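Asker: Please find the sequence and the predicted model below.
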Amino acid sequence: MESARSYDSEAVIVNIEAVSRSFKLPRAGEVRALDEVSATVRQGEVVVIIGASGSGKSTLLRTVNALETVDKGRITVDGIEVTSSQSNLNRLRANVGMVFQHFNLFAHKTALDNIVLPQMVVLKRSRDEAVSRAKELLSRVGIPEKADAPPGDLSGGQQQRVAIARALAMNPKVMLFDEATSALDPETVGGILALMRDLAEEGMTMMVVTHEMKFAEDVGSRIIFMDQGKIVEEGAPTTFFKTPNNERTKEFLNQIL
Ligand SMILES: Nc1ncnc2c1ncn2[C@@H]1O[C@H](COP(=O)(O)OP(=O)(O)OP(=O)(O)O)[C@@H](O)[C@H]1O
């Protein structure tokens, strides 16, 4: 792995420009999940996104991976526009690794094949090459002995390790974590957070939606606080947690800390 100091700390990896996204809900009418959101993530940064339920955190991550379209605005990842055409999708999928709350593994494939197949499909790697990388990554995430196990035979924490290995196999420019530990047993959470912390220390660029405030404070380079589809406050963890400015931020932190 590259050392944390060898990257170009100026390079913008994710650029989000004035992005809006609304949803029409049968009963609640129109919800502005994202309202003119702008943010940049530079190489090696760990940007932690926090906010109340429904504030737009997941939608923001999903637009970066083109799992969600935008109504207005523009997003680029490593200079490639995500929000325009579908033709960039394969390159985008390789550039952006996403880890979800519910793992999203293929239930009928082994752990190894869950990591092998996307490499063959998206990166056109040969099976041998993909298998060799997958084995290396299963060791990296601490479960080399689980290569032949189907997800159903793995614990939640082990499934999440496979999901992280699958995302890393693409050599992504940025990793998105959407509440990656929220569905795990309390005793498993620490192991996954430690793995995420290791990735951050190795210089991985990350956008992390989490309720784990200690992780946010210790590992985050920057905290973004969202409220009703807007970024209302953003800052370095020490300033953000000790001296928040915005009233909504203060209220939120008072409730959870
Ligand atoms: N696919 C969708 N269809 C309809 N409404 C949606 C959809 N995705 C998000 N929304 C709405 O957009 C708003 C923002 O949702 P989002 O999931 O981004 O919030 P969040 O901050 O991630 O919440 P949580 O912490 O509960 O996961 C919510 O009001 C939600 O109901």
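Answerer: Yep, that arrived. Numbering: from 1, shown residues only.
Asker: Which pLDDT value does the model give Ser6?
Answerer: Reported pLDDT at Ser6 in the predicted model: 45.
Asker: what do you get for Arg91?
Answerer: Confidence score, pLDDT, at Arg91: 77.
Asker: The most centrally placed residue in the chain is in what secondary structure piece?
Answerer: For the chain, the residue nearest the mean C-alpha position is Leu176 (1.3 Å; Cα atoms, centre = their mean). Per DSSP states H and E, Leu176 falls inside strand 174-178.
Asker: The following helix or strand past that strand versus strand 174-178: what angle between them?
Answerer: Per DSSP H and E, the first helix or strand lying C-terminal to strand 174-178 is helix 186-201. Calculated by axes from the mean of the first three to the mean of the last three Cα atoms, to 10 degrees, helix 186-201 forms an angle of 160 degrees with strand 174-178.
Asker: Quick one: list the elements packing against helix 186-201.
Answerer: Helices and strands touching helix 186-201, as assessed by 3 or more Cβ pairs under 8 Å, 6 or more residues apart in numbering; DSSP states H and E, comprise helix 156-168, strand 206-209, helix 213-219. C-beta here means a position set from N, CA and C on the backbone, and glycine is covered the same way.
Asker: could you give the mean pLDDT of the second one?
Answerer: It refers to strand 206-209. Mean predicted lDDT for strand 206-209 stands at 98.
Asker: Direction included, what does that strand pair up with?
Answerer: Strand 206-209 sits in its sheet next to strand 46-51 (parallel), strand 174-178 (parallel), going by DSSP bridges.
Asker: Looking at the ones you listed, spot the one closest to the ligand.
Answerer: Among the strands paired with strand 206-209, strand 46-51 comes nearest to the ligand, with 5.5 Å by Cβ to the nearest ligand atom.
Asker: Identify the residues contacting the closest one?
Answerer: 39, 41, 57, 60-61, 200, 204-211, 213, 215-216, 219-227, 237, 252 (Cβ atoms under 8 Å, 6 or more residues apart in numbering).
Asker: Please pick the buried ones from the residues you listed.
Answerer: Listed as buried from these are 39, 41, 57, 60-61, 200, 204-210, 213, 215-216, 219-227, 237, 252; burial here means 16 or more other Cβ atoms under 10 Å.
Asker: ok, and which of these reach the ligand?
Answerer: For the ligand, the contacts drawn from the buried ones among the contacts of strand 46-51 by Cβ under 6 Å from any ligand atom are Lys57.
Asker: Could you dump the strands paired with strand 206-209 into CSV and include mean pLDDT and distance to Asn246?
Answerer: Output for these, formatted as CSV (pLDDT from 0 to 100; distance: least, Cβ to Cβ, whole Å):
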stretch, mean pLDDT, distance to Asn246
strand 46-51, 98, 11
strand 174-178, 98, 23
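Asker: Using a markdown table, lay out the ones you listed together with distance to the ligand.
Answerer: Compiled in a markdown table, these are given as follows (distance: least, Cβ to the nearest ligand atom, whole Å):
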| stretch | distance to the ligand |
| --- | --- |
| strand 46-51 | 6 |
| strand 174-178 | 8 |
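Asker: In a markdown table, list these along with distance to Glu30.
Answerer: A markdown table is the format used below for the strands paired with strand 206-209 (distance: least, Cβ to Cβ, whole Å):
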| stretch | distance to Glu30 |
| --- | --- |
| strand 46-51 | 20 |
| strand 174-178 | 23 |
